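1. 3D, please:
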Amino acid sequence: METQMYLAGHGSPHRPRPRRALRALGGTLIALAALVAAVPGAAAAPDPLGRSLDRATGTTDRAISPSHPERDWMGSSVVAREGRSASTSATPSSRVTQTPGFDVSNWQGTINWPAAFAKGARFAYIKATEGTTYKDPYFNTNYTNSYHAGFIRGAYHFATPKSSSGTAQADYFVTHGGAWSKDGQTLPPLLDIEYPQTGAACYGMSQSAMRGWISDFVNRVHAKTTRWPTIYTTTNWWTTCTGNSTAFAAHDPLFVARYASSAGTLPAGWPFYTFWQHADSGSFPGDQDYFNGPYSGLENLANNT
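-> Numbers count the residues shown, from 1 in each chain. Below you'll find the model as predicted:
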């Protein structure tokens, strides 16, 4: 700015500089800008998965933080993406006893766990982590207080497949709350794999890439905890984003989400659901869930027996 003011007449009033000096300076600046733009690595096309480019290596291997982890929870996108039926009063099969429970995150704030137990809830899944950088600030309190109130509870990880590998996210999850112990009150770790609240339903990934990501995650959790994680999803998301894969049905319990009077058609390979998220509000805090069996079955699942 100081140079421009001088050239505009802030020198000698008797010897003004010619206009061509301005044109010459402008041409020099344009040339310099073009030179910078031509330097390799100075500009790059955006990564298709939204990851950050590491300019030092030219790769996109570095993880990126979730954009709004405090607003992501089990089912946070279900109503927007799939809606709910006109009647959301769940009517489980009368042939199998259903044990009620719920799932929560920081969104519910402080929870009165003894009161929820007194109302009949017997299990809960609690958000622990998201990506490789976020731990739910209420997790430790919820996990401890639910235990002392008598709940059989487990931790869940909200998956962000575009941000880092399944292995990396599994490592972070297990280290920050997703471990398992055979104490009679700890459910298998859970992978919450569903729509993002915004953006492409499958995070810009192909079906084969998504299957590979999920496989890396569940295998890593199993290697670290000895438990195959429960998989939370919707049938529509699973069909769209994994090609309705049957690869996980043999060992990973299914937690299906559908806000309707029945669980409906299940993802391929699973003959039954282990858990069903049937409503996003109700008598208990957070989302309303059923375990597909009596309380003794829930105990067996917790003890891996």
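2. any idea where the strands of this structure begin and end?
-> 99-104, 123-130, 134-135, 152-158, 190-192, 230-233, 254-257, 275-279, 287-291 (DSSP state E).
3. these: which one's closest to residue 84?
-> Evaluated over those, closeness to residue 84 peaks at strand 275-279, with 7.9 Å, by Cβ to Cβ. C-beta coordinates here come from the backbone N, C-alpha and C atoms, glycine included.
4. and the closest one, C-alpha only, in CSV?
-> Extracted in CSV, the C-alpha atoms of strand 275-279 (Å, rounded to 0.1, in the frame of the first residue of the first chain):
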residue,chain,number,x,y,z
PHE,A,275,-31.2,-55.7,19.6
TRP,A,276,-33.8,-53.5,18.0
GLN,A,277,-34.0,-49.7,18.3
HIS,A,278,-37.7,-49.1,17.8
ALA,A,279,-38.1,-45.4,18.7
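5. what mean pLDDT does that strand have?
-> Strand 275-279 shows a mean pLDDT of 97.
6. repeat that for stretch 144-155.
-> 98.
7. quick check: end-to-end length of that stretch?
-> 11 Å (Cα to Cα, to the nearest Å).
8. with stretch 266-277 instead?
-> 13 Å.
9. and stretch 142-162, by the same measure?
-> Start-to-end, stretch 142-162 (Cα to Cα) is 28 Å.
10. mind listing what's buried in that stretch?
-> 142-143, 145-146, 149, 151-162 (16 or more other Cβ atoms under 10 Å).
11. which one, of the strands of the chain, ends up nearest to residue 239?
-> strand 230-233 (9.7 Å).
12. so how far is that closest one from its chain's centroid?
-> Mean C-alpha position of strand 230-233 versus that of the full chain (Cα atoms, centre = their mean, to the nearest Å) differs by 12 Å.
13. against which helices or strands is that strand packed?
-> Applying 3 or more Cβ pairs under 8 Å, 6 or more residues apart in numbering; DSSP states H and E, one finds that strand 230-233 contacts strand 190-192, strand 254-257, strand 275-279.
14. wait, what's in contact with the closest residue to residue 272 other than its chain neighbours?
-> Using Cβ to Cβ, 6 or more residues apart in numbering and skipping residues adjacent in sequence, the residue nearest residue 272 is residue 292, 6.1 Å away. Residues counted as contacts of residue 292 (Cβ atoms under 8 Å, 6 or more residues apart in numbering) are 92, 96, 98, 272-276.
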